[in-house]
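> could you look at this predicted model? Sequence included:
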Amino acid sequence: MVRIMRAQVEACIEVIRPALQADNGDIELVDVDETTGIVSVRLVGACGTCPVSTQTLKGGIERIMRDRVDGVTEVVNIAEAEAAIDSGV
């Protein structure tokens, strides 16, 4: 099941990626937890520093993935957690 879900998530990212790259950003798939349905990604480039990246992630990427991939419950950007660790928060 996990390989099927991961493959579907990867295919969905390939559909989303051109829109992000058009704005000098990109998305990297980090993990797919088939038990919880949580997809972990890292927004990079302009998307990593964009002040509306959370809206892009939740209103765009997550919505599209939930519509296209059965079992996806949430998409999280681990770059935000990494930044908090790096800043000592």
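Great, that's in hand.

> correct me, but Ala46 touches Asp23?
Yes: using Cβ atoms under 8 Å, Ala46 is in contact with Asp23, at 5.5 Å. Glycine gets a C-beta too; all of them are placed from N, C-alpha and C.

> between the two, point out the one with more neighbours.
Ala46 (15 against 12; other Cβ atoms under 10 Å).

> return the residues in contact with the more buried one.
Residues near Ala46 by Cβ atoms under 8 Å, 6 or more residues apart in numbering: 23-25.

> so how far is Ala22 from it?
10 Å (Cβ to Cβ, to the nearest Å).

> show me what the one helix or strand Ile64 maps to is packed up against.
For Ile64, the enclosing helix or strand under DSSP states H and E is helix 63-68. Judged by 3 or more Cβ pairs under 8 Å, 6 or more residues apart in numbering; DSSP states H and E, the packing partners of helix 63-68 are helix 2-22.

> and the helix it packs on, what does it pack onto?
So helix 2-22, by 3+ Cβ pairs under 8 Å, 6+ apart, packs with strand 25-33, strand 38-45, helix 63-68.
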